[in-house]
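# Pasting a predicted model and its sequence here:
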Amino acid sequence: MKDSHVEILQALLGQPTAPFHEQAVVDQVRQWSAGRGIDFSQDRAGNVVLRHRVGQPVMRWAFEAHLDHPGFQAVSADGSLVRADFLGTVGESYFPGSRVRLFAPAGPVAGRIVGYCRADRAEWPVCEVELDSPAQVPAGTIGMWDLPDFELTADRLTSRACDDVVGCAAALAALEEIVACGQDADVTVLLARAEEVGGMGVIAAAEDGVLPGDSLVVGIETSKAQPRAALGDGVVVRVGDRVRTFDASLTAAVAAVADELARRDGDFRAVRQLMPGGSCESTIWCLWGYRATGVCLPLGNYHNQGDDGRIRSEQVHPGDFECLVKLLAALAGSTVTPEQRDRQAKARYEDLMRRRGKFL
């Protein structure tokens with residue numbers, strides 16, 4: 001991996017995050033942007049918006065990822081016992097006995113879950129966490145699973161929160177590449193809040209028109225690995241998620257750029273696949289009238305749910321990350337629109353009809 005990409009990953013993955021509590025990651029993105037002269041702003045919902053426009057690009061791209069990961073929010077504390085809501089989706093069987101790290105004002109404290117309850121009509125399940133030693137844990141303190149924030153080997157990038165902080169890092173790394181090469185480009189990176197509790201940040205952005213209506217939106221995710229989209233297979237051009245398929249013409253255009261990259265770069269790998277492990281924000285963009293598709297990295301231990309029934313670190317392949325960055329940068333510089341690619345495809349079928357239609 002490029003050293004600059006590793007630096008971005010370490011900086012973002014080293015921060016605590018949970019739905020509605022993404023500020024530490026936001027601060028890192030603000031610092032990164034300031035060091036590179038990239039325009040940084042936040043919309044009314046607190047989503048991060050980075051904008052870069054140079055020259056006269058053919059298309060307006062929007063790369064979107066989310067800042068949060070399933071996590072805990074302290075509600076109350078009594079000595080060594082902390083009650084905390086869990087914000088996100090993890091199977092109930094994973095909670096009993098699992099270890100949690102709470103990021104209290106005086107410093108992180110750890111403990112284990114000794115109680116779990118999901119009351120009827122309650123917005124979130126509530127956990128009881130017994131701390132290893134008494135500590136001040138105010139209401140609103142966030143927590144994550146007590147796992148390493150970043151580990152890297154030749155074939156594994158491991159973290160407590162790959163989903164989707166790694167997606168955010170990929171967007172920044174791609175934007176860095178786009179700025180460095182000086183190509184004509186119109187790119188907005190939108191890093192959204194509170195995806196893990198229903199895509200709240202993206203819904204707010206879509207309702208407010210934060211992205212121009214002619215944006216070509218590419219949602220960036222890590223998604224549960226599939227038999228034909230495994231770790232090491234490359235970046236996934238995502239046809240759809242568990243809820244629906246995405247914009248067909250835009251998806252085909254992204255796949256065509258991936259094919260062109262594969263022909264000229266022997267290290268680039270990509271697969272085209274429906275990823276039904278969960279729903280993602282590309283579905284929301286489509287429902288709100290945007291042209292949207294998705295790309296993702298195959299993810300191991302989705303939402304920290306290990307195959308052995310225990311809480312585990314999430315995993316992606318470093319090579320897949322590099323392929324994702326290459327694809328995003330190539331999209332920003334592409335000059336053939338989805339409509340032009342559709343016309344080219346139709347022309348091939350029309351030529352076949354002229355030659356073979358007489359045999360009908």
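Structure received. Residues are numbered from 1 along each chain as shown.
# Phi and psi next, for Asp267.
phi -90, psi -10 (degrees, to the nearest 10).
# So what's the residue count around it?
11 (other Cβ atoms under 10 Å). C-beta here means a position set from N, CA and C on the backbone, and glycine is covered the same way.
# Distance-wise, check it relative to Gln31.
30 Å (Cβ to Cβ, to the nearest Å).
# same check, this time on Ala292
From Ala292 to Gln31 the distance is 29 Å (Cβ to Cβ).
# Who has more neighbours out of these two?
Neighbour comparison, Ala292 and Gln31: the larger count goes to Ala292, with 27 against 11 (by other Cβ under 10 Å).
# Dump the helix or strand containing that one to CSV, restricted to CA.
In this structure, Ala292 sits in strand 291-299 according to DSSP states H and E. C-alpha atoms of strand 291-299 as CSV (Å, rounded to 0.1, in the frame of the first residue of the first chain):
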residue,chain,number,x,y,z
ARG,A,291,-28.5,8.6,-10.3
ALA,A,292,-26.6,6.4,-8.0
THR,A,293,-24.6,3.2,-8.0
GLY,A,294,-22.1,1.6,-5.6
VAL,A,295,-18.7,0.2,-5.2
CYS,A,296,-17.4,-1.7,-2.2
LEU,A,297,-14.7,-3.9,-0.6
PRO,A,298,-15.5,-7.5,0.4
LEU,A,299,-15.6,-7.5,4.2
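# Give me the contacts around the helix or strand just after that strand.
The first helix or strand that comes after strand 291-299 along the chain, using DSSP H and E, is strand 314-316. Residues outside strand 314-316 that contact it (Cβ atoms under 8 Å, 6 or more residues apart in numbering): 156-163, 166, 222, 231, 297-304.
# I'd like to know the average pLDDT value across strand 314-316.
Mean per-residue pLDDT for strand 314-316: 98.
# Which elements pack onto the helix or strand that that strand is followed by?
Using DSSP H and E, the helix or strand that directly follows strand 314-316 along the chain is helix 318-333. Judged by 3 or more Cβ pairs under 8 Å, 6 or more residues apart in numbering; DSSP states H and E, helix 318-333 is in contact with helix 3-13, strand 61-66, helix 162-181, strand 185-192, strand 216-224, strand 235-240, helix 248-264, strand 291-299.
# Let's see helix 318-333 as CSV, backbone CA atoms only.
Presented in CSV, the C-alpha positions along helix 318-333 are these (Å, rounded to 0.1, in the frame of the first residue of the first chain):
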residue,chain,number,x,y,z
PRO,A,318,-5.1,-4.1,1.3
GLY,A,319,-4.9,-4.8,-2.4
ASP,A,320,-8.7,-4.4,-2.7
PHE,A,321,-8.4,-1.0,-1.1
GLU,A,322,-5.8,0.1,-3.6
CYS,A,323,-8.0,-1.1,-6.4
LEU,A,324,-10.9,0.9,-5.0
VAL,A,325,-8.8,4.1,-4.9
LYS,A,326,-7.6,3.5,-8.5
LEU,A,327,-11.2,3.1,-9.7
LEU,A,328,-12.5,6.2,-8.0
ALA,A,329,-9.6,8.3,-9.4
ALA,A,330,-10.2,6.9,-12.9
LEU,A,331,-13.9,7.7,-12.7
ALA,A,332,-13.2,11.3,-11.9
GLY,A,333,-11.1,11.6,-15.1
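# Can you pull the poorly scored residue ranges out of the stretch 1-150 of the chain?
Judged against pLDDT under 70, the stretch 1-150 of the chain has no low-scoring part.
# Can you show me the strands along it?
39-42, 48-54, 61-66, 71-78, 81-87, 99-104, 107-117, 126-131, 142-145 (DSSP state E, counting those that start in this stretch).
# most packed of the ones you listed?
Neighbour counts (mean count of other Cβ atoms under 10 Å) averaged over each of those peak at strand 61-66, with a mean of 27.
# ok, back up a step: redo the helices and strands packed on helix 318-333 as TSV? Include distance to Cys127.
Below are the helices and strands packed on helix 318-333 laid out as TSV (distance: least, Cβ to Cβ, whole Å):
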stretch	distance to Cys127
helix 3-13	23
strand 61-66	23
helix 162-181	20
strand 185-192	25
strand 216-224	23
strand 235-240	32
helix 248-264	39
strand 291-299	24
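# quick one, which of these is nearest to Pro125?
When those are ranked by proximity to Pro125, the top entry is helix 162-181, at 19.0 Å, counting by Cβ to Cβ.
# Tell me what angle that closest one forms with strand 291-299.
With axes from the mean of the first three to the mean of the last three Cα atoms, to 10 degrees defining the directions, helix 162-181 sits at 110 degrees from strand 291-299.
# if I pick Phe86, what's in contact with it?
Counting by Cβ under 8 Å, 6+ apart, Phe86 has contacts 70-72, 95, 124-127.
# With His21 as the reference, measure out to it.
When distance is defined by Cβ to Cβ, Phe86 is 13 Å away from His21.
# quick one on the thing from earlier: tell me what the strand holding Ala292 is packed against?
The contact analysis (3+ Cβ pairs under 8 Å, 6+ apart) places strand 291-299 against helix 162-181, strand 216-224, strand 235-240, helix 248-264, helix 281-287, strand 314-316, helix 318-333.
# what angle sits between it and strand 216-224?
Angle of strand 291-299 versus strand 216-224, following the same axes, to 10 degrees, is 20 degrees.
# Neighbouring strands - and their directions - for strand 291-299?
strand 216-224 (parallel), strand 235-240 (antiparallel) (DSSP bridges).
# so of the ones you listed, which one's packed in deepest?
strand 216-224 (a mean of 27).
# Could you pull up the mean pLDDT of it?
98.
# Would you mind getting the angle between that strand and strand 185-192?
50 degrees.
# then strand 216-224 to CSV, C-alphas only?
Once non-C-alpha atoms are left out, strand 216-224 reads as follows in CSV (Å, rounded to 0.1, in the frame of the first residue of the first chain):
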residue,chain,number,x,y,z
LEU,A,216,-23.4,10.8,-10.6
VAL,A,217,-23.4,9.3,-7.1
VAL,A,218,-21.1,6.4,-6.2
GLY,A,219,-21.7,5.0,-2.7
ILE,A,220,-18.6,3.5,-1.2
GLU,A,221,-19.0,0.7,1.3
THR,A,222,-17.4,-2.4,2.8
SER,A,223,-19.9,-5.2,2.4
LYS,A,224,-20.1,-8.7,3.7
